[in-house]
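Trainee: I would like the atomic coordinates for the input below:
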Amino acid sequence: MKEKGTKTEFRGLNRILQSQALKVLFDKFGDGTYTDFLDDWKWIFSYSARYKWIIVYYTVMGLVSSTLGLASSVISKYLIDIITGYQYSRLWILIVAMVGSTAFSLVTSSIVGRISLKISIYVNNDIQKDIFNKIIDADWQQVSAYQNGDLLNRFNSDVNTISSNAVSWVPNVIVNLYSFVATFLVILHYDVTMALFAFISAPVLLLVSRRVMRKLRAYQKRVLEMNSGMMSFETETFYNFDSIKSFGVTGYYADELKDWQKKYKDYNLDYNLYSIKMNIGMTGLSTGVGLAAFGYCLFRMWTGDISYGTMTLFLSQSNKLSSGFSTLISIFPSMINSAVSAHRIREIVDLPKEIHDPESLEKMRPLAEQGFTVHMSSVEFAYQENNDVIVNSDFVAKPNEIVAVVGPSGQGKTTMLRLILGLIHPQQGDTYLEAADGTRFSMNADLREFFSYVPQGNTLISGTIADNLRVVKRDATDEEITEALKISCAWEFIEKLEDGINSKLGERGRGFSEGQAQRIAIARAVLRDAPVMLLDEATSALDEATEEQVLHNIIRQRPNKTCIVSTHRPSVLSMCQRIYRVVDRKITELDRSGETENSFHK
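Mentor: Predicted coordinates for the structure are as follows:
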């Protein structure tokens with residue numbers, strides 16, 4: 001197989017089937033990447049192997065159900081022959097057998113369906129749990145390279161694709177192959193010519209239907225893309241509702257909606273018209289094949305070679321043979337889709353983990369009451385090679401201090417806080433936490449237990465005020481939450497609310513001003529009551545008096561707290577024991593003798 005321009009060329013058997021899935025498989029053989037496909041499926045089976053005995057049971061039940069369905073069709077044949085031949089003495093035996101086999105088949109198929117759903121959910125949950133934990137524990141810089149939408153798509157859509165096939169693929173192959181062969185043998189037992197007729201008609205019908213389905217998929221893809229575009233337009237419109245009303249451009253958006261609605265109407269009507277045409281064509285073709293089989297059966301029955309019941313069996317099993325062949329072929333696209341999804345998920349799963357050091361946490365815990373000093377020593381860091389963000393820089397923040405980090409936007413203040421938190425690590429130098437007795441450990445994920453952090457922007461979630469605070473301390477009492485809100489100067493407006501701390505917050509704190517949302521976020525960090533507090537522009541929406549009160553309250557919350565404040569506001573500086581400037585990739589401590597204000601504005 002090869003590509004000629006935009007036209008795909010199929011070879012061998014695939015010239016008939018023209019299956020893109022088979023083309024991918026053959027291409028993998030040709031370019032040596034078939035091992036990747038096998039590795040992806042080995043990864044999928046690592047989850048389904050946990051349920052191997054259930055899968056075996058599922059397969060056996062599927063075989064039993066298929067056998068009973070076939071037996072029911074054979075019994076129906078004899079039942080019809082008995083009725084048409086007026087052999088009523090044996091009628092009750094066949095009726096009992098038919099009702100029993102049908103009931104048993106219904107029960108077993110229901111059980112199989114139930115088991116299949118349960119297994120699919122279990123596998124889906126297992127994979128999602130593992131992936132979620134991998135994402136949460138992945139290196140921050142590595143996982144940040146993926147867009148949130150991409151991560152969500154992999155986490156949901158790709159996992160669903162895998163879970164729906166991880167367990168059912170092998171049983172489906174076995175059961176459908178068995179059903180196809182058994183059906184063919186039953187027809188062959190009664191009439192060789194009819195068996196060959198049914199066998200040949202299956203790929204013919206499949207070939208035509210696949211051509212039709214490709215065209216339908218193209219239409220459907222266009223409709224889905226249009227629906228996605230319309231949904232994006234609607235989402236962006238409502239998300240930017242305030243700006244749209246403020247600019248007075250509601251008429252423009254109303255006209256845009258009309259255009260989207262026209263596209264929606266045209267695309268869907270075109271899709272519907274083609275579906276109607278193809279349905280008529282496929283129905284006509286199927287009817288033609290069915291009439292040919294029916295005519296052959298009538299001829300055989302007229303000559304006395306077969307009975308009416310045998311003719312009924314031929315017609316029903318001929319259709320079943322065609323559908324079985326189609327089902328077997330359709331398994332290949334499912335295999336490909338699952339392997340592609342598995343590969344995308346494995347990219348996330350294989351991301352390097354954060355640096356952990358449980359021993360450092362255990363040794364530092366008993367020393368937390370005395371506070372910790374935060375150090376950066378000769379640090380150099382770059383997100384990308386040859387593009388340094390911080391070079392040869394030192395920093396110190398001690399217990400009972402408020403230390404300011406100032407400088408223009410985009411110069412590395414937030415990067416510095418990420419280094420302190422151990423989200424990223426320097427290429428040279430060290431960032432570490434030091435206890436009063438001199439015990440020190442380089443920053444790692446486990447040491448974040450000793451930090452409270454208020455990042456830039458609105459980080460509130462939908463739910464109650466209490467829900468937002470209990471994120472950092474699940475067992476916090478209402479009294480502890482109230483105290484944290486008082487320290488952050490948020491209680492003064494929350495106590496006036498009808499439901500107090502149980503008042504609802506909208507998405508991203510909707511319903512509260514920016515300053516109020518900021519104080520609630522600070523209260524959340526206060527409730528954590530960690531030895532080190534990091535505030536990244538966290539008081540920018542507060543007036544100077546409130547800002548000063550909040551910082552004083554934080555430093556008095558517990559003895560030996562270390563507070564590091566990233567800020568643009570000169571008003572904070574008078575409260576700080578030390579000030580660092582981040583500019584031109586360098587972190588420098590400022591002289592408090594009179595250089596501070598001028599340096600801040602540089």
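
Trainee: next up, phi/psi of residue 499, please.
Mentor: For residue 499, the backbone dihedrals (degrees, to the nearest 10) come out as phi -100, psi 10.

Trainee: what's the one helix or strand residue 47 maps to packed up against?
Mentor: Per DSSP states H and E: residue 47 is located in helix 34-48. Judged by 3 or more C-beta pairs under 8 Å, 6 or more residues apart in numbering; DSSP states H and E, helix 34-48 is in contact with helix 20-31, helix 91-136, helix 159-166, helix 308-349. Using the backbone N, CA and C atoms, a C-beta is placed for each residue, glycine as well.

Trainee: residues contacting that helix, please?
Mentor: 25, 28, 55, 119, 123, 126-127, 162, 165-167, 335, 338-340, 342-343, 346 (C-beta atoms under 8 Å, 6 or more residues apart in numbering).

Trainee: of these, buried ones?
Mentor: For these, a burial check counting by 16 or more other C-beta atoms under 10 Å picks out 25, 28, 55, 119, 123, 126-127, 162, 165-167, 335, 338-340, 342, 346.

Trainee: quick revisit: rank the helices and strands packed on helix 34-48 by pLDDT, which is bottom?
Mentor: Here those differ in mean pLDDT, and the lowest is helix 20-31 at a mean of 50.

Trainee: strands along the protein, start to end?
Mentor: Along the chain, counting by DSSP state E, strands occupy 2-4, 7-9, 372-384, 387-397, 401-406, 428-435, 440-442, 451-454, 463-464, 504-505, 532-536, 562-566, 578-583, 586-589.

Trainee: can you list those strands in a markdown table and add mean neighbour count and mean pLDDT?
Mentor: Below are these laid out as a markdown table (neighbours: other C-beta atoms under 10 Å; pLDDT from 0 to 100):
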| stretch | mean neighbour count | mean pLDDT |
| --- | --- | --- |
| strand 2-4 | 8 | 42 |
| strand 7-9 | 10 | 54 |
| strand 372-384 | 18 | 90 |
| strand 387-397 | 18 | 88 |
| strand 401-406 | 23 | 88 |
| strand 428-435 | 19 | 92 |
| strand 440-442 | 16 | 92 |
| strand 451-454 | 23 | 88 |
| strand 463-464 | 15 | 84 |
| strand 504-505 | 16 | 80 |
| strand 532-536 | 25 | 88 |
| strand 562-566 | 25 | 88 |
| strand 578-583 | 21 | 87 |
| strand 586-589 | 17 | 87 |
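
Trainee: the helix holding residue 47: which residues count as buried?
Mentor: Residues of helix 34-48 classed as buried by neighbour count (16+ other C-beta under 10 Å): 37, 40, 41, 43, 44, 47, 48.

Trainee: can I get those in CSV with distance to residue 477?
Mentor: Shown next, in CSV, are the buried residues of helix 34-48 (distance: C-beta to C-beta, whole Å):
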residue, distance to residue 477
37, 55
40, 49
41, 51
43, 45
44, 46
47, 41
48, 45
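
Trainee: mind listing residues that contact stretch 552-564?
Mentor: Outside stretch 552-564, the residues that touch it by C-beta under 8 Å, 6+ apart are 369-374, 397-403, 405, 417, 420, 486-489, 522, 526, 529, 531-535, 551, 575.

Trainee: buried sites along that stretch?
Mentor: For stretch 552-564, the neighbour count (16+ other C-beta under 10 Å) marks 553, 554, 555, 557, 560, 561, 562, 563, 564 as buried.

Trainee: residue 522 touches residue 537, doesn't it?
Mentor: No: counting by C-beta atoms under 8 Å, residue 522 does not reach residue 537; the two are 11.8 Å apart.

Trainee: what about these two, which has more around it?
Mentor: Higher neighbour count among residue 522 and residue 537: residue 522, with 27 against 19, using other C-beta atoms under 10 Å.

Trainee: against residue 396, how distant is residue 379?
Mentor: If you measure residue 379 against residue 396 using C-beta to C-beta, to the nearest Å, the figure is 12 Å.

Trainee: can you check residue 495 too?
Mentor: From residue 495 across to residue 396, the span is 39 Å (C-beta to C-beta).

Trainee: same deal with residue 115?
Mentor: To residue 396, residue 115 is 62 Å away according to C-beta to C-beta.

Trainee: next one: residue 560
Mentor: 15 Å.

Trainee: what of residue 299?
Mentor: Separation of residue 299 from residue 396 (C-beta to C-beta): 99 Å.

Trainee: next one: residue 485
Mentor: Residue 485 is 32 Å from residue 396, by C-beta to C-beta.

Trainee: now residue 69
Mentor: 78 Å.

Trainee: residue 185 now?
Mentor: According to C-beta to C-beta, residue 185 and residue 396 sit 83 Å apart.

Trainee: swap in residue 569?
Mentor: 22 Å.

Trainee: ok, residue 542 next?
Mentor: As for residue 542, its distance to residue 396 is 27 Å (criterion: C-beta to C-beta).

Trainee: give me the neighbour count for residue 300.
Mentor: Per other C-beta under 10 Å, the neighbour tally for residue 300 reads 19.

Trainee: can you give me the pLDDT of it?
Mentor: 70.

Trainee: ok, the one 5 residues further on next?
Mentor: Confidence per residue is given as pLDDT, and for residue 305 that number is 70.

Trainee: to what extent is the closest residue to residue 351 other than its chain neighbours buried, counted in neighbours?
Mentor: Distances taken as C-beta to C-beta, 6 or more residues apart in numbering place residue 138 nearest to residue 351, at 4.2 Å, with adjacent residues excluded. For residue 138, the tally of surrounding residues (other C-beta under 10 Å) stands at 19.

Trainee: avg pLDDT for stretch 73-90?
Mentor: Computed over stretch 73-90, the mean pLDDT rounds to 62.

Trainee: does residue 471 touch residue 459 like I think?
Mentor: No: look at residue 471 against residue 459 with C-beta under 8 Å: they stay out of range, at 9.7 Å.

Trainee: settle it for me: which of those two has more neighbours?
Mentor: Per other C-beta under 10 Å, whichever of residue 471 and residue 459 has more neighbours is residue 459, with 18 against 15.

Trainee: identify the residues contacting that one.
Mentor: So, once contact is read as C-beta under 8 Å, 6+ apart, residue 459 ends up touching residue 521.

Trainee: now swap in residue 565 and tell me
Mentor: Residues in contact with residue 565 (C-beta under 8 Å, 6+ apart) are 402, 403, 404, 405, 535, 538, 539, 551, 572, 576.

Trainee: go through the residues you listed and name the one nearest residue 60.
Mentor: residue 538 (61.4 Å; C-beta to C-beta).

Trainee: contacts only, for residue 51.
Mentor: 119, 122, 123, 167.

Trainee: hang on, I meant residue 119
Mentor: Residue 119 makes contacts with 48, 51, 54, 55, 58, 167, 168, as judged by C-beta under 8 Å, 6+ apart.

Trainee: gap between it and residue 182?
Mentor: 25 Å.

Trainee: again with residue 583
Mentor: Counting by C-beta to C-beta - residue 583 and residue 182 are separated by 79 Å.

Trainee: repeat for residue 272
Mentor: 39 Å.

Trainee: what of residue 525?
Mentor: Distance, residue 525 to residue 182, using C-beta to C-beta: 67 Å.

Trainee: show me which of those two is the more surrounded one.
Mentor: It is residue 525, of residue 525 and residue 182, that has more neighbours when counted by other C-beta under 10 Å, with 24 against 18.

Trainee: in the sheet, who's paired with the closest residue to the more buried one other than its chain neighbours?
Mentor: The shortest distance from residue 525 to any non-neighbouring residue, by C-beta to C-beta, 6+ apart, is to residue 452 (3.8 Å). Residues in a beta bridge with residue 452, per DSSP bridges, are residue 533.
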